[in-house]
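Asks: sharing a model that was predicted from the sequence below.
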Amino acid sequence: MAESHFFAIVSRMKYIERWALMRNARPENLSEHALEVAMIAHALCVIGNVRYGRELDANQAAVMGVYHDASEIITGDMPTPVKYRNETLRGAYKAVEREAEGELLSTLPKDLLPAFEEAFSAGGDAYLQGLVKAADKLSAYIKCMEEAASGNEEFKTAAASTLAALDGMRVEYPEVGDFMDEFLPSYGKTLDELL
């Protein structure tokens, strides 16, 4: 068997700092973010299945959440205002992201590649991909809430734009609204208040 570098590369997610252009009260790395996105994506699917009669693969969504930003191991974390500044930058960054994902996936043994390609793409299930994107936004908003709670005003604009994006997702993805209404209010409370 040939040597594969895939998991050694993926393990480097812990070295990728998020929100690098902003002052952070507590730094966040890509591994932490990926875990949170995976848990939220799983929860959104469970909500969808239980409350809205969907047949979503919650486990697939969790795996997609784990790998959703894996290309950043190669590209680094591009700040959202730069990444989405205009169509030219957005398109260029998407191309770089796809190239980086391809490079990362190419380190897998050939027989395992199809399973991991699905983990990165959900087999083209647009609704599932949308929920993982929503989970990513929810994780970003939670980070903004945590920074605000620590007195850091640096995240005020990011919080407002992320909240607006999430509110815009509520119609297409009612699971997002349920999560926001039921689970977001608990963030920022003390452990004594939570227990």
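Replies: Yep, it's here.
Asks: and the closest residue to residue 27 other than its chain neighbours, what does it touch?
Replies: Closest residue in space to residue 27, ignoring its immediate chain neighbours: residue 17 at 5.9 Å, by C-beta to C-beta, 6 or more residues apart in numbering. Every residue, glycine included, has its C-beta placed from N, CA and C. Going by C-beta atoms under 8 Å, 6 or more residues apart in numbering, residue 17 touches 27, 28, 29, 30, 77.
Asks: in this protein, where is pLDDT below threshold?
Replies: 81, 84, 122-123 (pLDDT under 70).
Asks: can you tell me the centre-most residue of it?
Replies: residue 136 (3.1 Å; C-alpha atoms, centre = their mean).
Asks: can you tell me how far that residue sits from residue 110?
Replies: 30 Å (C-beta to C-beta, to the nearest Å).
Asks: and the closest residue to residue 194 other than its chain neighbours, how far from residue 180?
Replies: Once flanking residues are discounted, residue 194 sits nearest to residue 186: 6.3 Å by C-beta to C-beta, 6+ apart. In this view, residue 186 and residue 180 are 11 Å apart by C-beta to C-beta.
Asks: give me the more crowded residue out of these two.
Replies: When neighbours are counted by other C-beta atoms under 10 Å, residue 186 and residue 180 differ, and residue 180 comes out ahead with 18 against 9.
Asks: who's in contact with the more buried one?
Replies: 138, 166, 170.
Asks: ok, of the residues you listed, which one's closest to residue 9?
Replies: Checking the contacts of residue 180 against residue 9 with C-beta to C-beta, the nearest one is residue 138 at 26.7 Å.
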